[in-house]
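Enquirer: What would the 3D arrangement of this be:
(one chain, ligands or ions: 1)
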Amino acid sequence: MTELISRHSVTGEELGRAPICSADDVRAAVQAARRAQAAWAALTVRQRLDALKPLRRLLLTQADALAQLIVAEQGKDQIEAYGEVLSSLDLLSFYARRAERALRPRRLWPRLGALRAHRLIAQPYGVVGVISPWNYPLMLSMDPLSAALVAGNAVVLKPSEYTPLIGLKIGELARQAGLPEGLVQVVTGDATTGQALIAGGIDKLVFTGSAANGRKVAALAGQHLVPVTLELGGKDAAIVLADADLDRAAEGVLWGALLNAGQACLAIERIYVEQPVAEAFTQKLVEKAQRLRVGPATDPCNDVGAITTEAQFNVVQQQLQEAIQRGARVLTGGQPLPGPGRFFPPTVLTNVTDDMALMRDETFGPLLPIRPVRDVEEAIQLTNASPYGLTASIWTRDVRRGRQLLARLAVSDASINEHGASSTYAEVGWGGRKASGFGRTRGVEGLYEMVIWQHLSWPRLDLPLMRFPYSAAKVDFVRALLYLLFGTGRERASALKNILRFLLHGGQGNA
Ligand code: NAD
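Expert: Sure thing, here's the model as predicted:
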């Protein structure tokens, strides 16, 4: 197979083709990107932001085309497809407002280097590789791409094999926006193309994908000493406390679990409910789940869209069957809907145990297992027992008490009465803990992942202190310095006198 065939997420119709780029193709793309990067890096941050303005405009004027392509190739609902455009555009606009300040040179005053002037300057890495998944194909490609470009890097993007056309569209937008020839390269293909990119001479990698592949990617990046940001999977929990507004909690949990038909790294996949309200909450969740409309995103009123890949469809059904065989009760849903397309209804389960695959492994689908807990302590303990650490939410009327609990959740995004919303706030950096990855995208932190802070220094007073030959006087000087910095008042005064004497002798005298 030398080509990827992109298929409509519902009808299976061919949407277009894209090459599977070979290692030679990838190397050539990295080299071309490197050639373009030198001049790009020589621009000021403001000049780069100005050059990126047309791209922002194109994201807006082509929002309809982008959303339609996302709907066709990936299958999420229209409102969420537009949400990807909104979020990508919001990040670029945030950088337009904030990047100059974030990346400006920093003046430092190290006390051990006070005779010299010091600056830290943000140097781009060079060529940044971006390997993105299919579930948010625009946003998760654009986010690292925008940060990398603003910081002065070139980008080689390897989109998912399931959404290559969105990747190619990003390359087309970069060309239409008049960005320098070669600065943004798109190499389509599968995991082998991704591996070739890691080994192809890039200077930094942002990988978004599963934890299993993240481990392989980190190992390969390690071999090539390529620094890597990993955005991996999740098994995120919602904790419903006995004092929660159960209607609002059920609505919020439903949305948190079913956005993108559950195919979101931050989707709620475990629901812990305090025992006294478990039955009432479950009833509300079932009622509300049954009212949702499941079907193709071409109808703007559908709530739950398609499962994008056959592999994902199988995982959902396998986890469900395993749970049922081991005693779980399905309260609603449970059977795939008739085609065309892969649609699975919201499926609420009870009688689940902690060792079932659907309570342990990432599902990435519309399963909502409910597990009653004795109290909030048990819920926090279960939440934190997961190898993953992406997002979690607490549902309560007592915001003051809830706030005390948030920081105890071993996740990187914890919220009250909302789930994982910060993933779309441009101002807030995004990233995981534990098996959910490391490093940050978005926010100022996302920019900092794209630069090396280079230290520049030059003499204020041309008095080199540490030179050979060593001498007893220099040993005394260092001892005096220790007392000057860390001694008592009297010790410091005497040390200062000794140091001044040493300096007056041109750094050679007796301290
Ligand atoms: P995936 O790991 O199968 O693939 C992701 C990308 O990596 C694709 O482009 C793929 O071709 C490439 N790839 C796969 N194996 C590779 C390898 N060994 N070397 C180099 N490249 C390789 O993931 P997916 O199925 O596309 O996406 C779903 C996964 O992504 C889920 O686990 C989800 O939780 C995770 N995800 C995480 C975040 C986050 O921000 N933390 C966001 C979205 C998705």
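Enquirer: buried sites along stretch 187-207?
Expert: Residues of stretch 187-207 classed as buried by neighbour count (16 or more other CB atoms under 10 Å): 187-190, 193-207. Using the backbone N, CA and C atoms, a C-beta is placed for each residue, glycine as well.
Enquirer: Distance from that stretch to the middle of the chain?
Expert: Stretch 187-207 has its C-alpha centroid displaced from the chain centroid by 17 Å (CA atoms, centre = their mean, to the nearest Å).
Enquirer: Between its first and last residues, how far does stretch 56-74 reach?
Expert: 23 Å (CA to CA, to the nearest Å).
Enquirer: which bits of this structure sit near the ligand?
Expert: If contacts are counted using CB under 6 Å from any ligand atom, the residues of the chain sitting beside the ligand are 131-136, 140, 158, 160-161, 190-191, 194-195, 198, 208-210, 213, 216-217, 231-234, 265, 362, 364, 390, 432, 436-437.
Enquirer: Give me the buried subset of the residues you listed.
Expert: Neighbour-count burial (16+ other CB under 10 Å) applied to the residues of the chain next to the ligand gives 131-136, 140, 158, 160-161, 190, 194-195, 198, 208-210, 213, 216-217, 231-234, 265, 362, 364, 390, 432, 436-437.
Enquirer: what helix or strand is residue 93 on?
Expert: helix 78-103 (DSSP states H and E).
Enquirer: right, and the helix or strand after that helix?
Expert: Next along the chain after helix 78-103, taking DSSP H and E as the criterion, comes strand 106-108.
Enquirer: And that following strand, what does it pack against?
Expert: With contacts defined as 3 or more CB pairs under 8 Å, 6 or more residues apart in numbering; DSSP states H and E, the packing partners of strand 106-108 are strand 116-124.
Enquirer: quick one: strands adjacent to the strand it packs on?
Expert: Strand 116-124 has the following strand partners under DSSP bridges: strand 106-108 (antiparallel), strand 451-459 (antiparallel).
Enquirer: would you list those strands in TSV and tack on mean pLDDT and mean neighbour count?
Expert: Shown next, in TSV, are the strands paired with strand 116-124 (pLDDT from 0 to 100; neighbours: other CB atoms under 10 Å):
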stretch	mean pLDDT	mean neighbour count
strand 106-108	97	11
strand 451-459	97	13
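Enquirer: out of the ones you listed, which comes closest to residue 400?
Expert: Ranking the strands paired with strand 116-124 by their distance to residue 400 (criterion: CB to CB) puts strand 106-108 first, at 37.8 Å.
Enquirer: contact partners of that closest one?
Expert: With contacts defined as CB atoms under 8 Å, 6 or more residues apart in numbering, strand 106-108 is touched by 118-121.
Enquirer: element containing whichever residue of the chain sits closest to the ligand, please.
Expert: Sorted by distance to the ligand under CB to the nearest ligand atom, the residues of the chain start with residue 194, at 2.2 Å. Taking DSSP H and E as the criterion, residue 194 maps to helix 191-198.
Enquirer: Same question for residue 394.
Expert: According to DSSP H and E, residue 394 maps onto strand 391-395.
Enquirer: next helix or strand past that strand?
Expert: Sequence order places helix 399-406 as the next helix or strand after strand 391-395, per DSSP H and E.
Enquirer: Show me what that next one is packed up against.
Expert: Identification of packing neighbours for helix 399-406 by 3+ CB pairs under 8 Å, 6+ apart yields strand 391-395, strand 413-416.
Enquirer: partner strands of the longest one, parallel or antiparallel?
Expert: Sheet pairing for strand 391-395, assigned by DSSP bridges, gives strand 236-240 (parallel), strand 413-416 (parallel).
Enquirer: in terms of contact, does residue 427 touch residue 94 like I think?
Expert: Yes. Counting by CB atoms under 8 Å, residue 427 sits close enough to residue 94 to count as a contact (6.1 Å).
Enquirer: returning to what we had before: the helix holding residue 93 vs strand 451-459, what angle?
Expert: Angle, helix 78-103 to strand 451-459, by axes from the mean of the first three to the mean of the last three CA atoms, to 10 degrees: 10 degrees.
Enquirer: Show me what counts as buried in helix 78-103.
Expert: Neighbour-count burial for helix 78-103, with 16+ other CB under 10 Å as criterion, is recorded at 78, 80-92, 94-96, 98-99, 102-103.
Enquirer: One more: stretch 43-61?
Expert: Within stretch 43-61, the residues scored as buried using 16+ other CB under 10 Å are 45, 48-49, 51-52, 55-56, 58-59.
Enquirer: quick one: contacts for residue 410?
Expert: 383-384, 389, 433-434.
Enquirer: at 7 Å instead, please
Expert: Contact partners of residue 410, counting by CB atoms under 7 Å, 6 or more residues apart in numbering, are 384, 389, 433-434.
Enquirer: From the buried residues of stretch 43-61, which land in helices?
Expert: When helices are assigned by DSSP state H, the members of the buried residues of stretch 43-61 inside them are 45, 48-49, 51-52, 55-56, 58-59.
Enquirer: which pair in the residues you listed spans the largest distance?
Expert: It's 45 and 58 that sit farthest apart of those, by CB to CB, at 20.8 Å.
Enquirer: what's the distance between stretch 216-236 and the middle of its chain?
Expert: Going by CA atoms, centre = their mean, the spacing between the C-alpha centre of stretch 216-236 and its chain's C-alpha centre is 12 Å.
Enquirer: The residue lying closest to residue 335 once chain neighbours are set aside and residue 4: what is the separation?
Expert: Counting by CB to CB, 6 or more residues apart in numbering, the nearest residue to residue 335 once its immediate chain neighbours are dropped is residue 345, at 7.4 Å. If you measure residue 345 against residue 4 using CB to CB, to the nearest Å, the figure is 30 Å.
Enquirer: who has more neighbours, those two?
Expert: residue 4 (23 against 19; other CB atoms under 10 Å).
Enquirer: Okay, and the beta partners of that one?
Expert: Counting by DSSP bridges, residue 4 forms beta bridges with residue 18.
Enquirer: which residues sit in contact with it?
Expert: The neighbours of residue 4, taking CB under 7 Å, 6+ apart as the test, are 17-18, 20, 161, 164, 188.
Enquirer: now residue 130
Expert: Applying CB under 7 Å, 6+ apart, one finds that residue 130 lies in contact with 141, 144-145, 155, 157-158, 206.
Enquirer: Mind checking which of these land in strands?
Expert: When strands are assigned by DSSP state E, the members of those inside them are 155, 157-158, 206.
Enquirer: Do you know the pLDDT at residue 310?
Expert: If you check residue 310, the pLDDT there is 96.
Enquirer: So what's the residue count around it?
Expert: The burial metric for residue 310, expressed as a neighbour count using other CB under 10 Å, is 9.
Enquirer: i'd like the first residue to be 59 from this point on
Expert: In the new numbering, first residue 59, that becomes residue 368.
Enquirer: Fine, thanks again, bye for now.
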